[in-house]
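>>> the sequence isn't on hand, but the structure is:
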DNA sequence: ATGACGTCCTGCCTGC
DNA sequence: TGCAGGCAGGACGTCA
């Protein structure tokens, strides 16, 4: 689900809420996350981000990494076991869901606290960290794809999974010449690779996912299936600029809520309403009114304007 | 080496 | 109404 802007939004929200807190315990029903008791007792210093990974730094140089993958949400609030309080009354929590139906087998229900979490977020809570102020950090993860790692800063930050990631597109130190360099390298190595696949490649640039790849390519009038060898220098410059611009804009708007994404307060991201291409199949292109199309590229749905975004051509509309 | 496809999971929507 | 199949924002692994 979340791409760089969503993860950045969540990291900022968590940083505000979790600084100074200590993890006093945890609960999970999914052993594959691999969370162990060693995570208990550490005091949080700050929250950061690398690519699409949330990094919770502790004062004793330990780090908890959470990659939310497709369906993960990290949210802060208070929950309690369904059968601890609500069972007898069958009354819904104020503003929360009623018991019964698909809820009856769930173990945790929200205590109204702060943030309009969706039913789905509460339904799919798989992991809860208890904090020393009575609040909780919960991972809602419908598809159980999320990846979690805990260890020393050295163990986590120097792990290959992070070390191999490409540059952060919004890093001020990431200049056009750097982008041109890695693009040239990629094009030399795999000249037939489609531009969209390259943008999705986290070892090329980190943080771009399916939504923003479509957005960037629409913005620069480049067909997502364009092979790297046909990308002109002017397009490389444009892609570089558009990447920074669109990701920054999305962060400003709190990310994209195509469906169920929420920030750590449970609020929707507002980029979706101003998107250019993603999930706009059959809707008119904002430049030329042509109906946008959707095709599959490397197994991912790709949205583009068949008139503006033509292979080989840079200018069209 | 490369690209196509399968995999981890689950729920929802669509079309028959 | 029911049910099989397709689909989902990520990223890795496998195989030809």
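Noted; the coordinates are in hand. None of the values given here were measured: they were computed from a predicted structure.

>>> tally of neighbours for residue A:55?
19 (other C-beta atoms under 10 Å). Every C-beta, even on glycine, is put in place using the N, C-alpha and C of the backbone.

>>> quick one, what contacts the residue nearest to residue A:269 when sequence neighbours are not counted?
Once flanking residues are discounted, residue A:269 sits nearest to residue A:255: 3.2 Å by C-beta to C-beta, 6 or more residues apart in numbering. Taking C-beta atoms under 8 Å, 6 or more residues apart in numbering, we find residue A:255 in contact with A:2-3, A:5-6, A:8-9, A:261, A:263, A:269, A:271.

>>> rebuild those residues as a markdown table, extending it with pLDDT.
What follows is the contacts of residue A:255, written out as a markdown table (pLDDT from 0 to 100):
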| residue | pLDDT |
| --- | --- |
| A:2 | 89 |
| A:3 | 93 |
| A:5 | 94 |
| A:6 | 93 |
| A:8 | 94 |
| A:9 | 93 |
| A:261 | 72 |
| A:263 | 77 |
| A:269 | 85 |
| A:271 | 92 |
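
>>> now, which of these lie within helices?
Judged by DSSP state H, helices contain the following of these: A:5-6, A:8-9.

>>> what is the nearest of these to DNA strand C?
residue A:6 (6.2 Å; C-beta to the nearest atom of the strand).

>>> coming back round to it: which two of the ones in helices among the contacts of residue A:255 have the greatest separation?
The span of those, defined through C-beta to C-beta, is set by A:6 and A:8 at 7.3 Å.

>>> who has more neighbours, these two?
residue A:6 (27 against 24).

>>> separation between residue A:216 and DNA strand B?
According to C-beta to the nearest atom of the strand, to the nearest Å, residue A:216 stands 20 Å off from DNA strand B.

>>> that residue contacts residue A:244, correct?
No. Between residue A:216 and residue A:244 there is no contact under C-beta atoms under 8 Å: 9.8 Å.

>>> neighbour count for these two, which is higher?
residue A:216 (28 against 18).

>>> returning to what we had before: dump the contacts of residue A:255 to JSON lines, plus distance to residue A:148.
JSON lines is the format used below for the contacts of residue A:255 (distance: C-beta to C-beta, whole Å):
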{"residue": "A:2", "distance to residue A:148": "15"}
{"residue": "A:3", "distance to residue A:148": "19"}
{"residue": "A:5", "distance to residue A:148": "22"}
{"residue": "A:6", "distance to residue A:148": "18"}
{"residue": "A:8", "distance to residue A:148": "19"}
{"residue": "A:9", "distance to residue A:148": "20"}
{"residue": "A:261", "distance to residue A:148": "19"}
{"residue": "A:263", "distance to residue A:148": "20"}
{"residue": "A:269", "distance to residue A:148": "23"}
{"residue": "A:271", "distance to residue A:148": "27"}
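
>>> derive a ChimeraX selection command for the buried subset of those.
The buried residues among those can be selected in ChimeraX (16 or more other C-beta atoms under 10 Å) with this line:
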select /A:2,3,5,6,8,9,261,263,269,271
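
>>> identify, from the contacts of residue A:255, the entry nearest to DNA strand B.
Closest to DNA strand B, out of all of the contacts of residue A:255 and judged by C-beta to the nearest atom of the strand, is residue A:261, at 14.6 Å.

>>> ok, that closest one to residue A:54 distance?
14 Å (C-beta to C-beta, to the nearest Å).

>>> ok, residues contacting stretch A:265-281?
Contacts of stretch A:265-281 (C-beta under 8 Å, 6+ apart): A:5-6, A:9, A:13, A:75-77, A:114-118, A:121, A:210-212, A:214-215, A:217-219, A:249-250, A:253-258, A:261-263, A:286, A:292-294, A:303-305.
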